[in-house]
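K.L.:
what's the 3D shape of this:
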Amino acid sequence: MTLQGWALIALFVAILAALAKPIGLWLFALYEGRRTPLHAVLGPVERGFYRLSGIDPDTDQSWRRYAVHMLVFQLITVLLTYLILRAQGFLPFNQGKLPGVGADGSMNTAIAFVTNTNWQWYVGESTMSNLSQMMALTIHNFLSAATGIAIAFALFRGFARRPSPNAAPGGTASPGIGNFWADITRITLYLLLPISVVYALYLLLSGVPQTFAMSVDATTLEGVKQIISLGPVASQEAIKMLGTNGGGFFNANSAHPFENPSAVTNLVQMLSVFSIGVGLTYTFGKAVGDTRQGWAILGAMTILFLAGVTVAYSQEAAGNPILHHLGVAGANMEGKEVRFGTAASALFAAVTTAASCGAVNAMHDSMTALGGLIPLFNMQLGEIVIGGVGAGMYGFLLFAILAVFVAGLMVGRTPEYVGKKIEAREVKLAVLAIAVLPLSILGFTALSAVMPDGLAGPLNKGPHGFTEILYAFSSATANNGSAFAGLSAGTPWYNGLLAVAMWIGRFFMIVPVLAIAGSLAAKKYTPASAGSFPTTGGLWIGLLVGIILILGGLTFLPSLALGPIADHLAMIHGQLF
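P.N.:
Okay, here's the model as predicted:
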């Protein structure tokens, strides 16, 4: 480890802390549906969309109606994406004359991009045409990100809203949780699109290509002809990072110089992955009328993040003892770009898996055993450490509900959080949403670890091969998309099971979250009293961190012991897999 490496990590955290409030205020304006400076230009576009679609943005939807509209929208876009990929060979902007994608591959990719997972079993530059990259993939980078933020807004409204005092006797007159169509329209128009345009221009000036040409011929110094793949990369790269999507235009993803040319673009990309997630913590505090609540959540997230970065960086900097014994000293640089080095690679790995962004600037399969454990464990926690845009925040609030329930039992009162009583319904729904992760991850991993089709995937033996399978289903269920690339996942077995895992991880969590939002919106506000457990100080932050680590540890420690921990112990004793 070096002072320069720690300085990079400190700079990254400091810039994020500075971004939290301004981004949070912009998001809060969208949450409330207030006018922004961009409305003068984009307001007619928004209103035109509502007129064409017959949508009344002022209609307040119940949680069930919000969920149904959201799910129908996802199903339609999955089908459209599938059809585009299947028909790719007959569609324009396919200068390479690439054939249509197979049935199982198209299904897997359609679900991957709709669920914000962006799992890529394919080599992008030799599988997808420019039209597929733009129409079938990049569009979903916007829509899936907007959906995640919309769900977070809906849950915020559940905490913030109050039932009508004018309800008829015996009635509820419960407020709704917003309008799904208005939410995703405003988030896309006034947040994701404008920033992505500026971001793409910055990447273009930094050397990232943006062209409809699929390739260019070059002659190497040895006189050999080389075909260099190109395409509309900058526009996809911008929203790929900002929306915590992660699907790369090229197979090497953010390790490719055409996606991530320099150390400066590398830092900007890491910041863009976390920026909206950090801002949402402040937005939550504003929504519930107490910004200290948002800062407390950000504090807990930061502690978990720094702990993970410290372990990953220290392990990668320590290197491989087997290579040291052979006389090859230094850090573990296998699978890493020299222009980034150990610190930037370890930090990027922690960032991209703490968020639901599967982008990588180094190969996670080449990390040391415990260095690779951190990205794996980040995903198994549900990617709530800052997390994906929206998804990280509503996932973290599920753990907050459980934590305040435990705290309420300690003080002998009905648990309360930001003025809303947390009762049996909310706790059951939170447990149901959280339990989805281990059921999918461990269930599908166990199945693949014993079935012939599953065992045909790993290219490594022993615990490292098991980790490759475990990582794949952790990534799919957590909607991350990164991979231990030693797994040959482009088969009907993995395309099918991973698609199911991605759908479960996304929507089997979102629906309970919306149900919690609807339940909380119907509850009256209960002011904090002397007997209430404080949810803004160090004790609360410590409880949050403890609950998250205990639940994650108890759930996944056995599988981690069979995978990366066993791999580490074998490495110490001179055995590699």
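K.L.:
quick check: pLDDT value at Met171.
P.N.:
No Met there; residue 171 is Gly. pLDDT, Gly171: 44.
K.L.:
please enumerate the strands of the protein.
P.N.:
Ranges of strands in the chain, per DSSP state E, are 215-219, 225-229, 416-417, 420-421.
K.L.:
which among those strands is found nearest to Ala407?
P.N.:
strand 416-417 (9.1 Å; CB to CB). Heads up, the C-betas are built off the backbone N, CA and C, glycines and all.
K.L.:
which elements pack onto that closest one?
P.N.:
Judged by 3 or more CB pairs under 8 Å, 6 or more residues apart in numbering; DSSP states H and E, strand 416-417 is in contact with helix 391-411.
K.L.:
mind exporting the C-alpha coordinates of the helix it packs on to PDB?
P.N.:
C-alpha atoms of helix 391-411 as PDB (Å, rounded to 0.1, in the frame of the first residue of the first chain):
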ATOM      1  CA  ALA A 391     -32.100   0.400  -5.500                       C
ATOM      2  CA  GLY A 392     -29.300   1.000  -3.000                       C
ATOM      3  CA  MET A 393     -31.400   3.500  -1.000                       C
ATOM      4  CA  TYR A 394     -34.600   1.400  -0.800                       C
ATOM      5  CA  GLY A 395     -32.500  -1.700   0.000                       C
ATOM      6  CA  PHE A 396     -30.800   0.100   2.800                       C
ATOM      7  CA  LEU A 397     -34.100   1.300   4.200                       C
ATOM      8  CA  LEU A 398     -35.200  -2.300   4.500                       C
ATOM      9  CA  PHE A 399     -32.300  -2.900   6.900                       C
ATOM     10  CA  ALA A 400     -33.200   0.300   8.700                       C
ATOM     11  CA  ILE A 401     -36.700  -1.000   9.300                       C
ATOM     12  CA  LEU A 402     -35.300  -4.200  10.800                       C
ATOM     13  CA  ALA A 403     -32.800  -2.200  12.900                       C
ATOM     14  CA  VAL A 404     -35.400   0.100  14.300                       C
ATOM     15  CA  PHE A 405     -37.600  -2.900  15.100                       C
ATOM     16  CA  VAL A 406     -34.700  -4.400  17.100                       C
ATOM     17  CA  ALA A 407     -34.100  -1.000  18.800                       C
ATOM     18  CA  GLY A 408     -37.900  -0.700  19.600                       C
ATOM     19  CA  LEU A 409     -37.800  -4.100  21.300                       C
ATOM     20  CA  MET A 410     -34.800  -2.800  23.400                       C
ATOM     21  CA  VAL A 411     -36.700   0.200  24.800                       C
END
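K.L.:
can you give me the buried ones in it?
P.N.:
391-405, 407-408 (16 or more other CB atoms under 10 Å).
K.L.:
among the strands of the chain, which is the most enclosed?
P.N.:
Comparing these by mean neighbour count (mean count of other CB atoms under 10 Å), strand 416-417 comes out on top with a mean of 22.
K.L.:
kindly reformat the strands of the chain as CSV containing mean pLDDT.
P.N.:
Shown next, in CSV, are the strands of the chain (pLDDT from 0 to 100):
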stretch, mean pLDDT
strand 215-219, 85
strand 225-229, 87
strand 416-417, 90
strand 420-421, 90
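K.L.:
and of those, who's closest to Asn361?
P.N.:
Asn361 lies closest, by CB to CB, to one member of the strands of the chain: strand 225-229, at 18.3 Å.
K.L.:
give me the contact list for that closest one.
P.N.:
Residues outside strand 225-229 that contact it (CB atoms under 8 Å, 6 or more residues apart in numbering): Glu125, Ser126, Met214, Ser215, Val216, Asp217, Ala218, Thr219, Thr220, Phe250.
K.L.:
find the nearest non-adjacent residue to the last one, please.
P.N.:
Taking CB to CB, 6 or more residues apart in numbering, and ignoring the residues beside it in sequence, Phe250 has His256 as its nearest neighbour in space, at 4.3 Å.
K.L.:
which residues of this protein score low on pLDDT?
P.N.:
164-174 (pLDDT under 70).
K.L.:
so which residue is smack in the middle of it?
P.N.:
Centre of the chain computed as the mean C-alpha position; nearest residue by CA atoms, centre = their mean is Ser356, 1.4 Å away.
K.L.:
who touches it in this structure?
P.N.:
Contact partners of Ser356, counting by CB under 8 Å, 6+ apart, are 116-117, 148, 244, 246, 383, 387-389, 391-392, 478-481.
K.L.:
ok, now with 6 Å
P.N.:
Ser356 makes contact with Asn116, Thr244, Glu383, Gly388, Ala391, Asn479, Asn480 under the criterion CB atoms under 6 Å, 6 or more residues apart in numbering.
K.L.:
from the chain's centre, how far out does stretch 220-236 sit?
P.N.:
Here the centre of stretch 220-236 is set off from its chain's centre by 30 Å, with CA atoms, centre = their mean, to the nearest Å.
K.L.:
buried ones in it?
P.N.:
Applying 16+ other CB under 10 Å to stretch 220-236 flags Ser229, Leu230, Gly231, Pro232, Val233, Ala234, Ser235, Gln236 as buried.
K.L.:
need the max-distance pair from these.
P.N.:
Going by CB to CB, the pair spanning those furthest: Ser229 and Ser235, at 15.9 Å.
K.L.:
that older thread, roughly how far apart are the residue nearest to Phe250 and Gly388?
P.N.:
22 Å (CB to CB, to the nearest Å).
K.L.:
quick one: which of these two has more around it?
P.N.:
Using other CB atoms under 10 Å as the criterion, His256 and Gly388 rank with Gly388 on top: 33 against 21.
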